[in-house]
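Participant: The sequence isn't on hand, but the structure is:
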């Protein structure tokens, strides 16, 4: 079995090697065929085609699979996640590139759900005084009623007494202020018990109490429930009818987690019901549930839909379509709400002018102040969906080097949501760059075969290059305050001071927010906006970490971001900025961090392995050492 397994590995390896050889030979066009077995003297480093992490100074067998080692060579120009191909090699590998560009992005979100009552239009008719239901004019559910229609007759001794009080107050006259007050109090009591103004006037004019009182419908709607029965005795609060106004209904849609980024308040929704094929109803998103259903992994999205003819009925199943368009940064655009006034408590109330809310009376607020309108600005940055190689939470692309034709370098990027055939790019690429959209996996495989680092592996990740930018001195001064707090966090983690870390993380968020990026150039300002957001998110994770281990885990991405910040903007603090690396951090995945002084002080292990790590490079030379030659 072992021999058969090695033969299988050998066949697969030969096929992959054939492809890699084709790429390399393509650089030279034609030439003598390669020898069947490489000569040991022709290479200094030997590696395994199946396990490129194996590198030995002489020819032999792979200690893992037993296959013959091959010369690592120069990888056809592959170094640090880079590969150089000639024109013929590019044709052989069928390499295609596309330009990174800003483009308007739209996506059609399809949802399903069902119709429900509008809870704000449901009224419960209940007894406001004890008595007996002598007659029900509406004696079954489903009957439509209009405002003012009679519903039931109720006999009540308490009501007879209240009517007598009013009659006596009327007979007493109104010349005296006290008598007028008694009469008004008797009227108010009957009004609060549900009698209409006409019923109260009739009692005063007839001056004779009525044994029964008629209950009228306070609104138009459909009788959905009828708990009351003729002859039953009711107490205060006993429900008699439940009436729902179906002239407007709610449509409750289920949105999956992947769709949430494309949905926001105010969007127009097209509704289709199976009962009416070919017809379309329209509504507006007015509420997105803040809680995810853990069983279905969906979020309820509520849409208000006008239903003047009552054709849409509660419990009907419907399908819905939302046309969503994104602005820069992945924010959903809704230009229809621009300039509108909205109730903060009842967002379904939308008006063209300021004023009170029709429901609660609160002052309306501009939609822009509530964050319901995104500024359009530049469209988002996008790349074709075939460009990124996605593994787990990471996404990498191969970027064409504009200065060297046929050279491709791997780069990790941060992607936003997918919109059809494109991905939104949150970070890692600039407009105008070219990314490989076909043949990217072949490039990655060729780099691995030639013992280069694979972008698909985190250990082989190539750090994204950052361009050094010219920035004002005032910006550097504000940025150095951010850097100083970072160093304090690193010191606290290395000394296991959990309570200091949380406090410092809050200070870091404040310091980042205080940095004024307005004096920067447009390109630098856009880059700083991305950096500032990433810094705040990383600092928030550290500040909310409940344990020191979680804070250390969150410190790793913060260090990556702050390293890029120093590379781009530099420092004016006068202290050195040194990058350190610990290979044992996070189960041997390794992690970097920065210090402002020499000597390892490991923030990932603290007192457990305080001196574990090595100084890798100097990002910034201190003012003192800059003027001296060693």
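Facilitator: Here it is on my side, so go on. Since this is a predicted model, take the numbers as computed values, not measurements.

Participant: now the strands for the stretch 51-200 of the chain?
Facilitator: When assigned using DSSP state E, counting those that start in this stretch, the strands of the stretch 51-200 of the chain occupy the ranges 55-56, 70-71, 82-84, 96-99, 101-102, 105-116, 122-126, 131-136, 144-145, 150-155.

Participant: Deepest in the core, which of those strands is it.
Facilitator: Mean neighbour count (mean count of other C-beta atoms under 10 Å) peaks for strand 82-84 among these, with a mean of 22. Using the backbone N, CA and C atoms, a C-beta is placed for each residue, glycine as well.

Participant: That one: partners in the sheet, and parallel or antiparallel?
Facilitator: strand 407-419 (antiparallel) (DSSP bridges).

Participant: how about the strand it pairs with: buried residues?
Facilitator: Neighbour-count burial for strand 407-419, counted by 16 or more other C-beta atoms under 10 Å, picks out 407-413, 415-419.

Participant: now, the most widely separated pair of those?
Facilitator: Within the buried residues of strand 407-419, two members stand farthest from each other by C-beta to C-beta: 407 and 417, at 30.9 Å.

Participant: Identify the residue nearest residue 619 in space, chain neighbours excluded?
Facilitator: residue 577 (4.4 Å; C-beta to C-beta, 6 or more residues apart in numbering).

Participant: Run through the bridge partners of that neighbour.
Facilitator: Note on residue 577: beta-bridge partners residue 620, judged by DSSP bridges.

Participant: show me what contacts it?
Facilitator: By C-beta atoms under 8 Å, 6 or more residues apart in numbering, the contact list for residue 577 reads 483, 566, 571, 594-596, 618-620.

Participant: what's around the residue nearest to residue 172 when sequence neighbours are not counted, how many residues?
Facilitator: Leaving aside its chain neighbours, residue 172 sits nearest to residue 179 (4.9 Å; criterion: C-beta to C-beta, 6+ apart). Using other C-beta atoms under 10 Å, the number of residues around residue 179 comes to 15.

Participant: any idea of the pLDDT on residue 179?
Facilitator: Residue 179 is assigned 78 on the pLDDT scale.

Participant: ranges for the strands of the stretch 501-630 of the chain?
Facilitator: Along the stretch 501-630 of the chain, the segments classed as strands by DSSP E, counting those that start in this stretch run 577-582, 591-595, 614-620.

Participant: Of the ones you listed, which stretch is the most buried?
Facilitator: strand 591-595 (a mean of 23).

Participant: partners of it, with directions?
Facilitator: strand 577-582 (antiparallel).

Participant: re the thing from before, make CSV out of the strands of the stretch 501-630 of the chain and add mean pLDDT.
Facilitator: Shown next, in CSV, are those (pLDDT from 0 to 100):
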stretch, mean pLDDT
strand 577-582, 92
strand 591-595, 93
strand 614-620, 86
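
Participant: Going by neighbour count, which residues of stretch 262-273 are buried?
Facilitator: So for stretch 262-273, counting by 16+ other C-beta under 10 Å, buried means 262-267, 269, 271, 273.

Participant: one step back: nearest to residue 319, out of the strands of the stretch 51-200 of the chain?
Facilitator: Going by C-beta to C-beta, the one of the strands of the stretch 51-200 of the chain nearest residue 319 is strand 105-116, 5.3 Å.

Participant: Now do that closest one against strand 407-419: the angle between them, please.
Facilitator: 30 degrees (axes from the mean of the first three to the mean of the last three C-alpha atoms, to 10 degrees).

Participant: Check which helices and strands strand 105-116 sits against.
Facilitator: If you count contacts as 3 or more C-beta pairs under 8 Å, 6 or more residues apart in numbering; DSSP states H and E, strand 105-116 packs onto strand 248-256, strand 298-306, strand 317-326, strand 407-419.

Participant: Out of these, flag the one nearest residue 400.
Facilitator: Smallest distance to residue 400 across the helices and strands packed on strand 105-116 (C-beta to C-beta): 5.8 Å, for strand 407-419.

Participant: Much appreciated, bye for now.
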